[in-house]
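Asker: Attaching a predicted model along with its sequence, questions to come.
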Amino acid sequence: MTRGADVINFLCPDVEFAINGDDFDSVLWINLDKAPITKKQYQDGFAKYEASKAKNDADKESAKQAILDRIGLTADELKTILG
């Protein structure tokens, strides 16, 4: 489950903040006079974060599979080797 902090870190990676749960109105923007994103951007950010995370996970899995294919092992064989 995506948390509000995950979304803010995704949308505003260099911003310091504190948040209570997933409530945008509870965000305390540290060292900023105003929020760097709107409430709508925050709400839309959940879907963007989840899509980005899914793509990153798929890319990692694809890269792992490419390595296994290159060395001629299956994932189960590698698990057996590694114990």
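Answerer: Nice, I can see it. This is a predicted model, so every value here is computed, not measured. Numbering: from 1, shown residues only.

Asker: Now do the contacts for the residue nearest to residue 45 when sequence neighbours are not counted.
Answerer: Excluding the flanking residues, the one nearest residue 45 by Cβ to Cβ, 6 or more residues apart in numbering is residue 7, at 4.1 Å. In this view, the C-beta of every residue, glycine as well, is placed from N, C-alpha and C. Residue 7 is in contact with 42, 45, 46, 49, counting by Cβ atoms under 8 Å, 6 or more residues apart in numbering.

Asker: same deal with residue 47?
Answerer: No contacts exist for residue 47 under Cβ under 8 Å, 6+ apart.

Asker: Helix, strand or coil: sort out it for me.
Answerer: helix (DSSP: H, G, I helix; E, B strand; the rest coil).

Asker: Ends of stretch 30-41, what's the gap?
Answerer: End-to-end distance of stretch 30-41 (Cα to Cα, to the nearest Å): 19 Å.

Asker: before we move on, what SS does residue 17 have?
Answerer: Secondary structure of residue 17, per three-state DSSP, is strand.

Asker: can I assume it is in contact with residue 31?
Answerer: No. With contacts defined as Cβ atoms under 8 Å, residue 17 does not count as touching residue 31, sitting 9.6 Å away.

Asker: Who are the contact partners of the closest residue to residue 78 other than its chain neighbours?
Answerer: Nearest residue to residue 78 in three dimensions, chain neighbours excluded: residue 68, at 6.4 Å (Cβ to Cβ, 6+ apart). Each residue near residue 68 by Cβ under 8 Å, 6+ apart is listed here: 74, 75, 78.

Asker: Quick check: residue 68 vs residue 79, distance?
Answerer: Between residue 68 and residue 79 the computed distance is 11 Å (Cβ to Cβ, to the nearest Å).

Asker: Tell me the pLDDT of the residue positioned nearest the centre of the chain.
Answerer: For the chain, the residue nearest the mean C-alpha position is residue 53 (4.7 Å; Cα atoms, centre = their mean). pLDDT for residue 53: 97.
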